[in-house]
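**Student:** Quick one: sequence plus predicted model below, questions after.
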4 protein chains.
Amino acid sequence: MTPTTSPVRVRATDATGQPERTPQLEALYRGFEQQLLVPLWTAIGELMPAHPVSQARPHRWRWKDLLPMAEQAGQLVPVGRGGERRAIALANPGLGGQPFATPTLWAAIQYLNPQEYAPIHRHTQNAFRFVVEGEGVWTVVNGDPVAMRRGDFLPQAGWHWHGHHNRSDRAMAWIDGLDIPFQHYTDATFFEFGADEVDTREAPQRSRSERLWAHPGLRPLTHLQPTPATPLLAYRWEHTDRALAEQLALEAEGYSATVEPGHAAVRYTNPTTGADILPTLRTEFHRLAPDTATAARSEVGSSVFQVFDGTGEVTVGDSRWSVERGDLFVVPSWQPLAFATEHGLDLFRFTDAPIFERLHLHRSHQSPQERAEA
Amino acid sequence: MTPTTSPVRVRATDATGQPERTPQLEALYRGFEQQLLVPLWTAIGELMPAHPVSQARPHRWRWKDLLPMAEQAGQLVPVGRGGERRAIALANPGLGGQPFATPTLWAAIQYLNPQEYAPIHRHTQNAFRFVVEGEGVWTVVNGDPVAMRRGDFLPQAGWHWHGHHNRSDRAMAWIDGLDIPFQHYTDATFFEFGADEVDTREAPQRSRSERLWAHPGLRPLTHLQPTPATPLLAYRWEHTDRALAEQLALEAEGYSATVEPGHAAVRYTNPTTGADILPTLRTEFHRLAPDTATAARSEVGSSVFQVFDGTGEVTVGDSRWSVERGDLFVVPSWQPLAFATEHGLDLFRFTDAPIFERLHLHRSHQSPQERAEA
Amino acid sequence: MTPTTSPVRVRATDATGQPERTPQLEALYRGFEQQLLVPLWTAIGELMPAHPVSQARPHRWRWKDLLPMAEQAGQLVPVGRGGERRAIALANPGLGGQPFATPTLWAAIQYLNPQEYAPIHRHTQNAFRFVVEGEGVWTVVNGDPVAMRRGDFLPQAGWHWHGHHNRSDRAMAWIDGLDIPFQHYTDATFFEFGADEVDTREAPQRSRSERLWAHPGLRPLTHLQPTPATPLLAYRWEHTDRALAEQLALEAEGYSATVEPGHAAVRYTNPTTGADILPTLRTEFHRLAPDTATAARSEVGSSVFQVFDGTGEVTVGDSRWSVERGDLFVVPSWQPLAFATEHGLDLFRFTDAPIFERLHLHRSHQSPQERAEA
Amino acid sequence: MTPTTSPVRVRATDATGQPERTPQLEALYRGFEQQLLVPLWTAIGELMPAHPVSQARPHRWRWKDLLPMAEQAGQLVPVGRGGERRAIALANPGLGGQPFATPTLWAAIQYLNPQEYAPIHRHTQNAFRFVVEGEGVWTVVNGDPVAMRRGDFLPQAGWHWHGHHNRSDRAMAWIDGLDIPFQHYTDATFFEFGADEVDTREAPQRSRSERLWAHPGLRPLTHLQPTPATPLLAYRWEHTDRALAEQLALEAEGYSATVEPGHAAVRYTNPTTGADILPTLRTEFHRLAPDTATAARSEVGSSVFQVFDGTGEVTVGDSRWSVERGDLFVVPSWQPLAFATEHGLDLFRFTDAPIFERLHLHRSHQSPQERAEA
């Protein structure tokens, strides 16, 4: 590389671009350590690979394993100030035992006994709940009690006060999704305690946020500014189910309405902007009709899926699992993902895609060949 | 917390909200581990603190220590394909020896011998160079050779081809700033090799990008769309210096033009949008007039500073250093930062602030009391 | 004004700033005319008033006058290529007989006999239909048949192909709103003929656009980009009615949900952006509870209202009318507007407000005193 | 059109889609007039043409005719409160004698005698000044005195206080551009009187706005929010001239930098957004090298040009003129425009394009065939 006219003689590099380890070089490297320095040329391979190579690994958690542990925790672990929530997080096997589903995403099963409260707090972390089964809990967001029922998606913007209250005689479990790992890594997190009990015992079928906002294409004249997070606190299953059914019906009638044949999908959006429901989190619901197989697709950023209904086969990179109701699995960045189902499959998904889109780092790639190459 | 009407009896918690460690609980915790699960209630204190508590530590590197090591590397380490660059990165003492100045930012000193080339590559990482002393290198960005001279700021958007070429008979050192740690952690990085040598030997005083773009308030009719990164590849010292001098002169004439008394500052911006020069990086230049002391200020996100000229005292949280030309120091998230100078101080700064602003996670706080509280 | 040191002697002005009409001045003014010039100083009073003084006048059209004329036109005037539509436009009495409700807005009653077609065309004018009574017509937009029924709002973006078809055995009338005057004045209009008959005889209860888009907060994954106009082609009365009823119910329960006491209101929005349904037109629905009086409010830009139900008193500037179902009235720019109703009043409104908001020219003023001052 | 199954018999239409004029139809038309109604089918041809057909006409005003009239006005007409400005506006021959260069744009020559003042006022109209010759006047904007010299472009956002002061011993003329006709037609205009004399006698070479903002790519940290109008009050000729010269030089060196061969052009932009300098007005400078002919180009919206230097031939629709320094000409919407020059031509241009772009009504078409078709 160095032209012959150079006044400096430098050693040749080996095949990976590394200089020969001479005593002088070893001394220099020791000097780097003492001065808290690291050379790029020894680190570049790991730091700047040709494409994302996540430490996170594809992994599946079975609902039939998770739920019993949550029930046991319901017997042994109280919910109260300090611990705050009876939530049990997925710890990706590639991430050193931390409670991180992926480098950016937190996913947990939360469990509340009959009549139990979870105390009020707020935090900058963006959050949501998704209910795969059961009902009876109201999450109270800034004083607005929001019923939680199977199929409902309940976003929860950063810095909103919230607590939960099980108003029924049966325990209830659901999943929480948050951007805890992202905010933890980037040092952006604030947290504040609120009241020890939720501030209302009301348990309406529809929250006030829905009464103001869940009318398609209509916004109240009292709220005309765009907000970074959705003001709609519940996206009910009946709407999601209907939207997906319509897409498949339109496809059957010969119109373009699905992502690919047999694959209906909706994104949950903020009605004040049409964009994602939360600044850092994207949530979607996917429905695969019976006998559908999807193309393999890679995307920058990571995802967590929960099976809402049906059964199928999931392929993520080199991993392949059969999945059924309640099962959760993670898709690390750039790992190709494909589905196949014989009897139909309903999937809830959340990702960190808004982070990459807003920072102009998003990419995706779809190809049948992708899987073989990766 | 659980009301007396609850059908479930749960154990009391201790002062930190932790349940009593019974044998059953120990068994449950072992089950969690086997199932790759972690409870929130044991992790929440570290994961969700009241305010950001970074693992990164305030630290200063002295230029007079760095430069000799770079010179030694110039003798011992070649620049070529594989190693790519003779760049030596700051490794924050709180970040486990990784070459990360902060959790999101990379800062390195790069060194090129007379007539030496650094080969062409491109990567999704956003980058820039800043020159504290010397000249003679041209960085070639997508074929456009850009001269590098003391005081110049040279942004380098992700995925642009680039290499460097020292056209002079003297070695040259400068600093590189990138978002490598952020893209590494979030698994967003792509990298591609280009030609082994830079593709032009031209060494003009002004790059083509400057000839098209460095006219205040004017844009060429051939480029009317906003671009995520700045198309202007060099921000010359003469402009920065003049802008800062004008702010202080206006202040002296009685007009509001400075951030605070004696404190002039400019932000480098993308002329197609008025926003930051790169999607993930913010860069600024600050000038403190003689006998100036600034208020302590905390901000979400981390910064790296390099002293361009002058001398002064820097306080970051509990750390306090004297600094002089070339010294680099890091400010972790939410650590209060203040300056004092007797003879005047010129500072180049870069931060990850666009990440937080675009994700609605940015906060700042300015107060003399802040330091005591933090 | 001219200081005594001036080398030029100029004549004094009169109280309105006009120079004395000397023979020389008359000659100059004739010269101006010959050269196609007009001096500002003679025109400024009319051109640049202290606040908007519209040539448009407040006016009300009674539905019981309009509908019979439309029925007569149904007997005498065919619908076909060339005339295109049996639409009869409101001509503001201040605008010289042009078919302009206001300087920017077109409002017309359109009428279609049983089984009649209106031919397909497209134009850059943004349009919508609103149905105060009747049903049986399908408007076909880019091939998608959209049923029209009482209370429905049906937007129609510029440059979309569209025709209408009465599928019933009864004639039907509705109102059309467009930005024809604005695009005519600013010379922005394009027009193209399509097929002479609508291209489908389907008459579904729900259009395909509703099946894709009318799910609150959900968007199809096939359509993720923001569009300047709404993709939702029908906003059904059941949703509008429910949203308004909920606002008044929330108010009764003690929550802030109405614009002012007894005054519920929604804005129709584009679900891909949360903004107005069309780039130049804003549409809203207002419901006044019985025994409600609103504060007088002035706004830059003009409005057309149609009474959907109920009765009330409307005050616009110095005009005051009793209104009932179907009545239309116009509010010129900056004229204060107030309502009072004893038995309740439902109002559909459209305005040119997006023009002013996007150009940073919007202003509004609300005050009980406003009316007296204006 | 009406199918045979229709229960209604309607008359046939003629070739233009008009129904036969029977006595009943005449009676109906009289009824329309009484009720302030106009049918679409008689108006559509004029209202909704296939493409824009402006009432404005292409026209050229010669500087050698304009300037003497301004000088005469300088002798006969004082400048003071009420008349406000000695400005003489171009009145397009197609627009009925109104002082409108086009339906949206005002263009005037303004003239100030030695040592004369124009009083302070503010208005919502957006404005700018452009100087084709002379110097000596300072325009004072919100208290900031801004020197005006040949080649300078001086924007003046709506609702900023401003007055002018000729500090020299020679009279000075320049052109004003505003959106008066647009704001007048749409009833958006507010106006307020300020002090009778400008509030400062300072006459600096550089305004404070330039000292803060005229540094390429740098913005003061005191002003970080985007503003609808540019904060930079003077765009100096030296920068414009240099930017244009660089484009032609780059073209000569083989790089893509010009709009078309021999045609350099810059747009004046707001440094806080990169967008147009004012919400309703676009301004550009075009330089044609000697022996350049441009392609004919049509655009929605209208333009006013002033020749800054050189000579050439201008073709606008069916009009063709020779032009020289100071000449002004207007290009109505959608009229194809082309230039040819033997010795080179420098042109200042302003248009209403931001109105159409922000409302999604903008279109353009470039083709040698365009002229023949139009």
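**Tutor:** Nice, thanks for sending it over.

**Student:** Only C-alpha atoms from now on, for both contacts and neighbour counts.
**Tutor:** Will do.

**Student:** I'd like to know how far residue A:257 sits from residue C:208.
**Tutor:** In this view, residue A:257 and residue C:208 are 9 Å apart by C-alpha to C-alpha, to the nearest Å.

**Student:** what do you get for residue A:70?
**Tutor:** Taking C-alpha to C-alpha, one finds residue A:70 at 44 Å from residue C:208.

**Student:** Residue A:257 and residue C:208: who's more crowded?
**Tutor:** When residue A:257 and residue C:208 are compared for neighbours, residue A:257 comes out ahead with 27 against 22, by other C-alpha atoms under 10 Å in any protein chain shown.

**Student:** For residue A:257 and residue C:208, list the residues in contact with both.
**Tutor:** In terms of C-alpha atoms under 8 Å, 6 or more residues apart in numbering or on different chains, residue A:257 and residue C:208 are both contacted by the residues residue A:250.

**Student:** looking at it, residue A:203 is touching residue A:144, isn't it?
**Tutor:** No. With contacts counted by C-alpha atoms under 8 Å, residue A:203 stays clear of residue A:144, the gap being 9.6 Å.

**Student:** Quickly list what the nearest residue to residue A:306 once chain neighbours are set aside is bridged to.
**Tutor:** Using C-alpha to C-alpha, 6 or more residues apart in numbering or on different chains and skipping the chain neighbours, the partner closest in space to residue A:306 is residue A:328 (4.4 Å). Under the criterion DSSP bridges, residue A:328 forms beta bridges with residue A:61, residue A:306.

**Student:** What score does residue A:328 have for pLDDT?
**Tutor:** At residue A:328, the model reports a pLDDT of 98.

**Student:** how close does it get to chain C?
**Tutor:** 22 Å (C-alpha to the nearest C-alpha, to the nearest Å).

**Student:** shouldn't that residue be in contact with residue A:60?
**Tutor:** Yes. Between residue A:328 and residue A:60 there is a contact under C-alpha under 8 Å: 5.7 Å.

**Student:** Based on its surroundings, how many neighbours for residue A:364?
**Tutor:** Under the criterion other C-alpha under 10 Å, the count of neighbours that residue A:364 has is 11.

**Student:** re the thing from before, okay, residue A:328 and residue A:60: which has more neighbours?
**Tutor:** For residue A:328 versus residue A:60, neighbours defined as other C-alpha under 10 Å are more numerous around residue A:328 (25 against 22).

**Student:** how close does the more buried one get to residue D:231?
**Tutor:** With distances taken as C-alpha to C-alpha, residue A:328 is found 53 Å from residue D:231.

**Student:** Can you mark which positions in stretch A:305-318 are buried?
**Tutor:** Across stretch A:305-318, burial judged by 16 or more other C-alpha atoms under 10 Å in any protein chain shown covers A:305-317.

**Student:** Equivalent analysis for stretch A:55-69, please.
**Tutor:** Within stretch A:55-69, the residues that count as buried by 16+ other C-alpha under 10 Å are A:55, A:56, A:57, A:58, A:59, A:60, A:61, A:62, A:63, A:66, A:67, A:69.

**Student:** Also stretch A:36-45?
**Tutor:** Across stretch A:36-45, burial judged by 16+ other C-alpha under 10 Å covers A:36, A:37, A:38, A:39, A:40, A:41, A:42.

**Student:** Among the residues you listed, list the two that are farthest apart in space.
**Tutor:** Within the buried residues of stretch A:36-45, A:36 and A:41 form the most distant pair, 15.7 Å apart (C-alpha to C-alpha).

**Student:** Can you name every helix or strand that the strand or helix carrying residue A:267 contacts?
**Tutor:** Assigned by DSSP states H and E, residue A:267 belongs to strand A:263-268. Helices and strands touching strand A:263-268, as assessed by 3 or more C-alpha pairs under 8 Å, 6 or more residues apart in numbering or on different chains; DSSP states H and E, comprise helix A:237-252, strand A:282-288, strand C:218-220.

**Student:** Quick one: mean pLDDT over that strand.
**Tutor:** Mean per-residue pLDDT for strand A:263-268: 98.

**Student:** what does stretch A:61-78 give?
**Tutor:** 97.

**Student:** Please compute how far it lies from its chain's middle.
**Tutor:** Offset of stretch A:61-78 from its chain centre (C-alpha atoms, centre = their mean, to the nearest Å): 21 Å.

**Student:** Under the pLDDT cut-off, which ranges of the stretch 251-374 of chain A? List them.
**Tutor:** Residue ranges of the stretch 251-374 of chain A with pLDDT under 70: A:367-374.
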